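K.L.:
have a look; sequence and predicted model below, questions after that.
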Amino acid sequence: QDASKLNLGVNKGSLQLASEDGNFKFGMGGRVYMDAAAYFDDKTDLGSGSEVRDIRLLMKADLWKKWNAKINIGFADGAVSLKDVWLMYKINKNSFVRAGHFLEPFGIEQTESSKTTKFMHAASTIEAFRPGRNLGFSYATWSKKIFWEAGLFGSDTNNKTEGDEGYGLTSRIAFAPVQTDGGLFHIGMSGIYRTANSTGFNDQGEENPKSIRYRSRAATHIEKRRFIDAKVANAESQCKLGFEMIAATGPISIQGEYISAKVNRKSNFEDYSAKGFYTQVGWLVKGGNYKYKMKSARLAKPGPGSVELLARYNQTDLNDSDALIMGGKQKDITVGGTWYVNHNILVKFHFTNVDLDENSLNGEENFNMIQTRLQFSF
Amino acid sequence: QDASKLNLGVNKGSLQLASEDGNFKFGMGGRVYMDAAAYFDDKTDLGSGSEVRDIRLLMKADLWKKWNAKINIGFADGAVSLKDVWLMYKINKNSFVRAGHFLEPFGIEQTESSKTTKFMHAASTIEAFRPGRNLGFSYATWSKKIFWEAGLFGSDTNNKTEGDEGYGLTSRIAFAPVQTDGGLFHIGMSGIYRTANSTGFNDQGEENPKSIRYRSRAATHIEKRRFIDAKVANAESQCKLGFEMIAATGPISIQGEYISAKVNRKSNFEDYSAKGFYTQVGWLVKGGNYKYKMKSARLAKPGPGSVELLARYNQTDLNDSDALIMGGKQKDITVGGTWYVNHNILVKFHFTNVDLDENSLNGEENFNMIQTRLQFSF
Amino acid sequence: QDASKLNLGVNKGSLQLASEDGNFKFGMGGRVYMDAAAYFDDKTDLGSGSEVRDIRLLMKADLWKKWNAKINIGFADGAVSLKDVWLMYKINKNSFVRAGHFLEPFGIEQTESSKTTKFMHAASTIEAFRPGRNLGFSYATWSKKIFWEAGLFGSDTNNKTEGDEGYGLTSRIAFAPVQTDGGLFHIGMSGIYRTANSTGFNDQGEENPKSIRYRSRAATHIEKRRFIDAKVANAESQCKLGFEMIAATGPISIQGEYISAKVNRKSNFEDYSAKGFYTQVGWLVKGGNYKYKMKSARLAKPGPGSVELLARYNQTDLNDSDALIMGGKQKDITVGGTWYVNHNILVKFHFTNVDLDENSLNGEENFNMIQTRLQFSF
């Protein structure tokens, strides 16, 4: 009946099956990141080693011209983890509504696939404050120079405690006035309001105090401990504000984000504030100039064969002496590079120095590491 | 060698790859149900929220004309769950044998895919008494008016306690004398005999007492607690009997099932009995008349574009005062509707009232809820 | 851009999508093993029953002519388990390098897919001493008569304890001077050096004593207990040496492996030694002569329609009286057969006698079992 003919093809190294009438498109594939890390310890005995950082199976379909469906499941660490699992309705060429489990629209790195983020590990500021993927729906629209997305989200799907889930309102707006081959300029702003999840009830049937937590690893994942960690008890809700900037001239790019977070607490408790930022610089030694994608409002992935040199400075401060919650402060510097072997394969190599203050996991310390990733996807 | 040419196509919104000689057919895809619920509490503080109710990846193949293979794996709640995983041998057009992990042939709703069941949540009677999927084999045959399936099943594959697994004999027979465009009539009967699973051994090496449990949620899944729950200790085996009926006249259908269960216990203990039934009515406001599938002996899924209004009354009684096991009694009424957007997408909306007796989880109470589902599959 | 045309085909019952220019090939599929076992107990009360022994989803791709990628994930026992997950670069027709999670090159049965191993359960010698799959990289090369592979491997990816992971150096070399249709002869040797994994740190921050463990089930998997089990505390590293042999004349084949393992312990502790071997005989009652694959240096899978009779004697000795570690000794004999129904389906049937010494789990005992498997893959 609807069995129109399908054509097979390869698109950027991935399988694609598209019907001649344009009604249907099917794709499937997977991705794997294989990492190794060597740590040069200070106080903490860090566990050098290797791991499969991410492994996924993906099936997706464009259905009846207007609908897109995606099922992407992660299997790292021997556990099932839902990634992009959503249904999208394309209103027109420049806008859509989407429902499902996906990344809340907040800033650049939070909304970007780990397949294309420049560094192996997200900036600790992003790791600490990002909302991640949650179950919800959003509306997105973009024109030649402006991108806007806003959504309403419940909690992550693995919430198993009794009582009502929290919810969040999230929005991102970006403005990219310069998008020429020689130069790019983009600024943006994001905001989140989110209520805390219920943490169940005590024996008297009263609701337990809720909490909100910000924490981050030390720019690495093989060593899994979080060195900065602020658990804010008696929390009611949180507000986050993010500012972002991208600029590029030819093969040189600079990107930065600043995020401030505030936890609103019960009346007798001082509100908690934290903040952080990163700045990163890229140089396409091989591979031409940086390009921009208005549809997602960020830099495009460099083409196959590119070689990119990278540097990042990141600082995250989870200390709030007014609220008497000292989660620690982390500064880290990474220099490294990426070889985009072809559409499917890339190799990363990083050197990182991490500096932690006296409020961190094991107190003040300063350590170095070398990390490398072999990544493939199809 | 056997590399006959394959043709690509789309069948009801799903990808299909079929060889020209008819020897092979391959398919793959997935499904996702995204649910939200708002509860209006009585005694129990119910947890409103949202969840990905089901998410699956599927691969299937028709091999060498006579064999069908299916691998369907669920990933909801961050856990792996085997669904249909079987190998079928087609004896002829109207009969097959099948081995693997699949739904035991017992009644209508137990044997139906959640993709097509009319309500978001199975009737509590079905949830309490259904055997679910188990590892076994069955034989099925059908003619123009009669369907029959019988099988032998071990336990579910996740049984990890020491000692022998239980096994079950299950059979369903259905008779559908009227199958015209204007009217349908179907009656059927199912039976199960199943021994209890071993629960391991005590320190003296003696077998622990076995138990059989019947329980059910409150017509919903986001709130996960079971409100009626009968755990029958010192159990040896169970027998269940099910009666089913379907009738339709034009765009109006009625379907009902009655199930009685009996647990045979050790000689000094009184046998335990429980029972339940549901009746549901459907009205295809848009989408023509109800249709019937003899191959599975139940109503067919309404076509794309259909709009269906629904009502269900369900009652499950797990109280047995003779056996002194009072598991609770639940009555619930649901009204709602389904919009079959196209072959791949549907939306459900339900209002449910649940009434629980004094033997239920938190005693006598009566609460309401609104639930909705966005479902896609390809 | 790279969207060259793809052709669809079926290769040995599996789907294959290959581009006309030879640059790309895509495949996907799955496998399922369904087992049942009946045990005839001696001292230990063994749990007869059934299980889905293995269930997998697979996606693979040949990319840009030179690269092969494979993602194979197991879902048995309701858990995620990484299987072959690797990226291979083909240096030429007779050599490759590979990085990822795959079987270390050690002996025959350790390096063979469970899809083609002759028995349902690996020989207990192999189960006890095999390194399994680990994250690492290897180089392999083969000529007309010689096969060689060597690799460096970290630990399995699920290592979650603090401290540095162990690593291993593994190599296999095989020589097959006779490879005619009437006769085959192959000998080989493998070696492993591997350091013990860290087991974390005590409260004083000192490293906990490491351990290495060898253990095995009783030639079966439905009954999950390990009857022989040697846990060597205060271990530093281990060395293993394997010797292998294959010979065939027409439809008769014989295959054997001998493995010795030595654990190097801290200075005050006696080193631990263990060893084992198996010999198995196959007779292709139907299906022609045995064939050999130089690329993997072992017997090829018998063709569709073949019927094979099998016998195996296996002995594993984990007792070391010098080191005062008595892990038990197991001898088992299996006779059985396999029917290779077609490329996708096979059936196995085994009778096994297991003999355990006084150092085994429940002391000296001797029991029998019947096991059967229905296996399909596509």
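P.N.:
Noted; the coordinates are in hand.
K.L.:
was I right about A:A300 contacting A:N289?
P.N.:
No. Using CB atoms under 8 Å, A:A300 is not in contact with A:N289, being 10.5 Å away. Quick note: C-beta positions are derived from backbone N, CA and C, even for glycine.
K.L.:
which residue is nearest the middle of chain A?
P.N.:
For chain A, the residue sitting closest to the mean C-alpha position, by CA atoms, centre = their mean, is A:Q110 at 2.9 Å.
K.L.:
pLDDT at the closest residue to that one other than its chain neighbours, what is it?
P.N.:
Across the structure, with CB to CB, 6 or more residues apart in numbering or on different chains as the measure, the residue nearest A:Q110 apart from its sequence neighbours is A:R130 (4.2 Å). Note on A:R130: pLDDT of 96.
K.L.:
A:T338 contacts A:V347, doesn't it?
P.N.:
Yes. Taking contacts as CB under 8 Å, A:T338 lies within contact range of A:V347: 7.1 Å.
K.L.:
with neighbour numbers in mind, choose between the two.
P.N.:
Taking neighbours as other CB atoms under 10 Å in any protein chain shown, A:T338 and A:V347 compare with A:T338 leading, 23 against 14.
K.L.:
so what pairs up with that one in the strands?
P.N.:
Per DSSP bridges, residues listed as beta-bridge partners of A:T338: A:E308, A:K348.
K.L.:
relative to chain C, how far out is it?
P.N.:
When distance is defined by CB to the nearest CB, to the nearest Å, A:T338 is 16 Å away from chain C.
K.L.:
ok, now which ones touch that residue?
P.N.:
When the contact criterion is CB atoms under 8 Å, 6 or more residues apart in numbering or on different chains, the partners of A:T338 are A:K118, A:P302, A:S306, A:V307, A:E308, A:L310, A:L346, A:V347, A:K348, A:F349.
K.L.:
can we see that at 10 Å?
P.N.:
With contact taken as CB atoms under 10 Å, 6 or more residues apart in numbering or on different chains, A:T338 is in contact with A:118-120, A:282, A:284, A:302, A:306-310, A:346-350, A:373, A:375.
K.L.:
from these, list the buried ones, please.
P.N.:
Among these, the ones that count as buried by 16 or more other CB atoms under 10 Å in any protein chain shown are A:118-120, A:282, A:284, A:302, A:306-308, A:310, A:346, A:348, A:350, A:373, A:375.
K.L.:
so A:S155 makes contact with A:S198?
P.N.:
Yes. Using CB atoms under 10 Å, A:S155 and A:S198 qualify as a contacting pair, with a distance of 9.5 Å.
K.L.:
can you classify A:D77 by secondary structure?
P.N.:
Assigned with DSSP: H, G, I helix; E, B strand; the rest coil, A:D77 falls in the helix class.
K.L.:
what is the burial count for it?
P.N.:
19.
K.L.:
that one contacts C:A79, doesn't it?
P.N.:
No. The pair A:D77 / C:A79 is not scored as a contact, 11.6 Å apart, by CB under 10 Å.
K.L.:
from the buried ones among the contacts of A:T338, which ones fall inside strands?
P.N.:
For the buried ones among the contacts of A:T338, the ones inside strands are A:G282, A:L284, A:V307, A:E308, A:L310, A:L346, A:K348, A:H350, A:R373, A:Q375, with DSSP state E as the criterion.
K.L.:
and the pLDDT at the fifth one?
P.N.:
Which is A:L310. Here the pLDDT value assigned to A:L310 is 98.
K.L.:
how about stretch A:329-348, which residues are buried there?
P.N.:
Neighbour counts over stretch A:329-348 (16+ other CB under 10 Å) mark A:329-334, A:336-346, A:348 as buried.
K.L.:
end to end, how far does that stretch reach?
P.N.:
The stretch stretch A:329-348 measures 27 Å between its terminal residues, going by CA to CA, to the nearest Å.
K.L.:
can you pull the contacts of the nearest residue to A:T195 once chain neighbours are set aside?
P.N.:
The shortest distance from A:T195 to any residue that is not its chain neighbour, by CB to CB, 6+ apart, is 4.2 Å, and that residue is A:G166. A:G166 makes contact with A:134, A:153-155, A:159, A:194-198, A:210, A:212, A:235-238, B:49 under the criterion CB under 10 Å, 6+ apart.
K.L.:
looking at the residues you listed, which are in strands?
P.N.:
The members of those that map onto strands under DSSP E are A:N134, A:F153, A:R194, A:T195, A:I212, A:A235, A:E236, A:S237, A:Q238, B:G49.
K.L.:
of those, closest to chain C?
P.N.:
Distances from the ones in strands among the contacts of A:G166 to chain C were compared by CB to the nearest CB; the smallest belongs to A:N134, at 22.3 Å.
K.L.:
run through the bridge partners of that closest one.
P.N.:
Under the criterion DSSP bridges, A:N134 forms beta bridges with A:F102.
K.L.:
gap between it and B:W86?
P.N.:
Going from A:N134 to B:W86 by CB to CB, to the nearest Å gives 35 Å.
K.L.:
repeat that for A:E127.
P.N.:
Remark: distance between A:E127 and B:W86 (CB to CB) = 43 Å.
K.L.:
what does A:R217 give?
P.N.:
Where B:W86 is concerned, A:R217 sits at a distance of 43 Å (CB to CB).
K.L.:
pick out whichever of the two has more residues nearby.
P.N.:
A direct count of neighbours by other CB under 10 Å for A:R217 and B:W86 places B:W86 higher, at 26 against 20.
K.L.:
next one, pLDDT for the more buried one please.
P.N.:
Among the per-residue scores, B:W86 holds a pLDDT of 98.
K.L.:
which ones are touching A:N134?
P.N.:
A:N134 makes contact with A:100-104, A:151-157, A:159, A:165-168, A:170, A:194, B:50, according to CB under 10 Å, 6+ apart.
K.L.:
show me which of the residues you listed are buried.
P.N.:
In the contacts of A:N134, burial by neighbour count holds for A:100-104, A:151, A:153-157, A:159, A:165-168, A:170, A:194, B:50, counting by 16+ other CB under 10 Å.
K.L.:
A:D355 is in contact with A:E364, isn't it?
P.N.:
Yes. Contact criterion CB under 10 Å: A:D355 and A:E364 qualify, at 8.6 Å.
K.L.:
who has more neighbours out of the two?
P.N.:
Shown here are A:D355 and A:E364; by other CB under 10 Å, A:D355 has more neighbours (17 against 14).
K.L.:
wait, a strand at the more buried one?
P.N.:
Yes. The assignment for A:D355 (three-state DSSP) places it in a strand.
K.L.:
starting at the chain centroid, how far to stretch A:311-330?
P.N.:
For stretch A:311-330, the distance from its own C-alpha centre to the chain's C-alpha centre is 20 Å (CA atoms, centre = their mean, to the nearest Å).
K.L.:
same question for stretch A:289-309.
P.N.:
When C-alpha coordinates are averaged (CA atoms, centre = their mean), stretch A:289-309 and its chain have centres 17 Å apart.
K.L.:
gap between the two ends of it?
P.N.:
For stretch A:289-309, the first-to-last residue distance is 13 Å (CA to CA).
K.L.:
still on that earlier bit, roughly how far does the residue nearest to the centre of chain A sit from chain C?
P.N.:
Separation of A:Q110 from chain C (CB to the nearest CB) stands at 26 Å.
K.L.:
please apply the same query to A:L184.
P.N.:
Remark: distance between A:L184 and chain C (CB to the nearest CB) = 23 Å.
K.L.:
now that residue: how far from A:V285?
P.N.:
Computed with CB to CB, the distance linking A:L184 and A:V285 is 18 Å.
K.L.:
what do you get for A:N264?
P.N.:
Relative to A:V285, and taking CB to CB, A:N264 is found at 47 Å.
K.L.:
can you check A:D77 too?
P.N.:
Note on A:D77: its distance to A:V285, by CB to CB, is 34 Å.
K.L.:
one step back: any residues in contact with both of A:S155 and A:S198?
P.N.:
Common neighbours of A:S155 and A:S198, counting by CB under 10 Å, 6+ apart, are A:T161, A:D164, A:E165, A:G166, B:G49.
K.L.:
okay but the last one is in contact with B:M34, surely?
P.N.:
Which is B:G49. No. Look at B:G49 against B:M34 with CB under 10 Å: they stay out of range, at 11.9 Å.
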